[in-house]
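Colleague: Please find the sequence and the predicted model below.
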Amino acid sequence: FLKRLNEMIREERAQEREIIRHARKINVEGREILIHDNSRTIQRVLKAFKKDGKHFRVIVAEQDPDKTGAIIHALHKSHIPFRVVPSYMISHLDDHIDMVFLAGLTLKSTMDFVMDPGTNALVSQFHLMKKPIYMFMATSKFSMWKSKKKLGVYSHIHQRRHHCQPINFERIKFSHDRVPAKLMDKIVTEQGIFTPARIETVFNKKLKERLIIDKEFQKSLKKE
């Protein structure tokens with residue numbers, strides 16, 4: 001078990017190095033980059049740009065305090081210049097933002113990325129403004145099974161009370177957003193940088209290979 005675990009860690013680190021290698025092709029000189037996710041991959045990509053002597057600045061779309069706090073700590077540690085703005089006030093800095101860097105949990109067979117809540121609004125906004133949107137994700141994170149459109153997004157409904165008035169109300173929170181891959185400009189993986197159309201081809205090839213393996217596995221179980 002430990003041997004296999006160490007192999008998985010090495011594989012993940014190798015994939016991340018390849019993502020960073022491909023990401024270095026992106027022109028960030030003099031640009032201001034919007035980020036939203038507490039993503040180790042994005043943080044290491046930005047750190048690589050800094051190491052390469054690139055001059056850029058980051059705008060952090062503020063969300064959950066713990067996640068935003070971790071992003072702030074990582075940027076400060078890497079000496080990357082940044083500023084923070086609440087995600088619902090991003091429109092006031094539209095003219096300053098040159099590109100958007102994002103990461104997600106997985107890519108579904110519906111060609112939707114599963115991402116942090118609130119990401120869909122940001123992506124839609126900058127897609128309409130024709131600002132370049134880059135998704136960073138290793139292909140090992142792809143969900144290798146057929147998925148339904150909304151499956152995997154959960155809601156939590158609970159009762160809250162107004163902070164200074166005798167008013168009770170229902171509050172709804174969602175676990176994730178589903179963001180269509182077609183809204184991204186480029187998807188940066190360990191295999192290269194792809195368009196949304198090309199990443200669908202890559203995904204379907206991997207899914208077909210996985211389904212064949214699963215079918216063979218089921219056959220071997222029946223023989224036993």
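Modeller: Here it is on my side, so go on.
Colleague: Relative to Ile9, how far out is Glu209?
Modeller: 23 Å (C-beta to C-beta, to the nearest Å). Quick note: C-beta positions are derived from backbone N, CA and C, even for glycine.
Colleague: so what's the closest residue in space to Ile59 that isn't next to it in sequence up against?
Modeller: Leaving aside its sequence neighbours, Ile59 sits nearest to Leu34 (C-beta to C-beta, 6 or more residues apart in numbering; 4.8 Å). Leu34 makes contacts with Val58, Ile59, Ala61, Ile90, Ile97, Met99, Val100, Phe101, Leu122, Phe126, as judged by C-beta atoms under 8 Å, 6 or more residues apart in numbering.
Colleague: likewise His73?
Modeller: For His73, the contact set (C-beta under 8 Å, 6+ apart) is empty.
Colleague: In three-state terms, label it for me.
Modeller: Three-state call for His73 (DSSP: H, G, I helix; E, B strand; the rest coil): helix.
Colleague: picking up where we left off before, just the ones of the contacts of Leu34 in helices?
Modeller: If you go by DSSP state H, those have Leu122, Phe126 in helices.
Colleague: where are the low-confidence patches of this protein?
Modeller: Across the chain, the ranges flagged by pLDDT under 70 are 149-152, 224.
Colleague: center of it, which residue is that?
Modeller: Nearest to the mean C-alpha position of the chain, counting by C-alpha atoms, centre = their mean, stands Ala103 at 1.5 Å.
Colleague: Confirm for me that that one is in contact with Thr41.
Modeller: Yes - using C-beta atoms under 8 Å, Ala103 is in contact with Thr41, at 5.6 Å.
Colleague: Which residues are in contact with each of these two?
Modeller: Phe136, Met137.
Colleague: Please name the residues that touch the residue nearest to the centre of the chain.
Modeller: The neighbours of Ala103, taking C-beta under 8 Å, 6+ apart as the test, are Asp37, Ser39, Thr41, Ile42, Met115, Met135, Phe136, Met137.
Colleague: Go ahead and confirm Val114 touches Pro180.
Modeller: No - the criterion here is C-beta under 8 Å, and Val114 misses it with Pro180 at 11.6 Å.
Colleague: right, and the helix or strand after the helix or strand hosting Glu12?
Modeller: Applying DSSP states H and E as the criterion places Glu12 in helix 2-23. The C-terminal neighbour of helix 2-23 among helices and strands, as given by DSSP H and E, is strand 32-35.
Colleague: contacts for the helix or strand that that following strand is followed by?
Modeller: Sequence-wise, the next helix or strand downstream of strand 32-35 (DSSP H and E) is helix 40-51. For helix 40-51, the external contacting residues (C-beta under 8 Å, 6+ apart) are 16, 19-20, 23-24, 28, 33, 35, 56, 58, 71, 74-75, 78-80, 101-103, 136-138.
Colleague: how about helix 40-51: buried residues?
Modeller: Within helix 40-51, the residues that count as buried by 16 or more other C-beta atoms under 10 Å are Thr41, Ile42, Gln43, Arg44, Val45, Leu46, Lys47, Ala48, Phe49, Lys50.
Colleague: Kindly report the same for stretch 54-70.
Modeller: In terms of neighbour count (16+ other C-beta under 10 Å), stretch 54-70 has its buried residues at Lys54, Phe56, Val58, Ile59, Val60, Ala61, Glu62, Gln63, Lys67, Thr68.
Colleague: Kind regards, and thank you for your time.
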